[in-house]
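Novice: coordinates only, no sequence provided:
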């Protein structure tokens, strides 16, 4: 238990140039965050992620799920997913972060990392299905993990610890100019659930 909550300024831009990243810190109490974590573990239809790396199909230890307001198809890492309808829990979280961010979201990609050995490589969320320069809201439940940004040209690095029950928002030109990742670590043994709420293009 922390004696003092970390001070966070949701208006602060953590990127020095070419994009906007706002970190709201913990938007849920510990009890609320614990409740959401338990519900998501039980209710979400988790599946091992499939990807095509250098032409070879692989299955990750990390598990994923894809939910939305309509059955959007979403292609990344060489595979296509079709969204499942919102659960009541996801709707509740979505409405909460829409109030915090002033943005609207119609889809959510969820990731379940069982321990620190599971992470995400450098990438940007620039798929054509996503709204250009649209906000992506990242909500974290579970163990705290470091989240990293790297500028595509200058290679400048920014690291942020994402806390249990916290909210981070990427918007503007961030995906055009910056990569991000969840680096693996052997120092973390507990699971983390990450929800990235997005705005898909409606055709």
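Specialist: Thanks, I have the structure now. Every value quoted in this text rests on a predicted model; they were computed, and no experiment measured them.
Novice: ok, residue 138 touching residue 171?
Specialist: No: the pair residue 138 / residue 171 is not scored as a contact, 11.3 Å apart, by Cβ atoms under 8 Å. (C-beta placed from N, C-alpha, C; glycine too.)
Novice: out of these two, which sits in the more crowded spot?
Specialist: Taking other Cβ atoms under 10 Å, residue 138 and residue 171 do not tie; residue 138 has more neighbours (22 against 18).
Novice: just checking, what packs against the helix or strand containing residue 36?
Specialist: According to DSSP states H and E, residue 36 maps onto helix 30-43. With contacts taken as 3 or more Cβ pairs under 8 Å, 6 or more residues apart in numbering; DSSP states H and E, helix 30-43 sits against helix 88-101, strand 136-142, strand 192-198.
Novice: list the buried residues of the first one.
Specialist: Neighbour-count burial for helix 88-101, counted by 16 or more other Cβ atoms under 10 Å, picks out 89-90, 93-94, 96-97, 101.
Novice: give me the mean pLDDT for the helix or strand following that helix.
Specialist: Following helix 88-101 in sequence order, the next helix or strand is strand 107-113 (DSSP H and E). The average pLDDT within strand 107-113 is 96.
Novice: paired strands for the very next helix or strand once past strand 107-113, with orientation please.
Specialist: Going down the chain from strand 107-113, the next helix or strand is strand 120-123, by DSSP H and E. Strand 120-123 has the following strand partners under DSSP bridges: strand 178-182 (antiparallel).
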